[in-house]
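need a 3D model of the sequence below.
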Amino acid sequence: MGVRNVPRRVSRNLAFQVLYGQEFLHATSLEELSRAFREAPRQAGQEEAEDGGFAWELVEGVWSKRSELDEQIRRYARNWRLERVGRVELTLLRLALYEMLFRPDVPHKVAINEALELNRQYGEEKAQSFINGVLDAAVKGLENGPLSRS
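Next comes the predicted model:
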């Protein structure tokens, strides 16, 4: 019996949940992060998300590139100190920017739309324009050269 593919939207949801949890738990090693990922409660459709899948790639990628992602957020969240950005919004921005910078298979519009959808589920409505504005500025930066995909 083959393993069925978990839809990317479901994987992003799980990745967001794990990364948001890390705002409070702060894994200090990849092993701790992997344990947190494996032990995260799964919702319907998330049961088959495992280490090595898309959700794990997002979690590990955002976790390992956090400083670089935060620098990009500082650059494009004009007049906002990172400490003032809510944890939900910060997690969503990191996740979307990671996909925009390090996942060439994910179109920028998809990364932005998915972040906005997750915000509708977990964040505040008033944060929609902030998230959209930061990510839109990042896309323009990427198109004009200051950002670069690795």
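
switch to C-alpha atoms for all contacts and neighbour counts from now on
Noted.

okay, the most centrally placed residue in the chain: pLDDT?
Among the residues of the chain, the one closest to the centroid is residue 95, at 1.4 Å (Cα atoms, centre = their mean). Residue 95 is assigned 98 on the pLDDT scale.

tell me the contacts of it?
For residue 95, the contact set (Cα atoms under 8 Å, 6 or more residues apart in numbering) comprises 16, 58, 62, 115.

how close does the last one sit to residue 136?
For residue 115, the distance to residue 136 (Cα to Cα, to the nearest Å) stands at 12 Å.

give me the more crowded residue out of those two.
residue 115 (27 against 16; other Cα atoms under 10 Å).

and the closest residue to the more buried one other than its chain neighbours, helix, strand or coil?
Nearest residue to residue 115, sequence neighbours excluded (Cα to Cα, 6 or more residues apart in numbering): residue 92, at 5.6 Å. Recorded secondary structure, residue 92: helix (DSSP: H, G, I helix; E, B strand; the rest coil).

verify the stated contact: residue 92 with residue 112.
No - here residue 92 lies out of contact with residue 112, judged by Cα atoms under 8 Å, at a distance of 9.3 Å.
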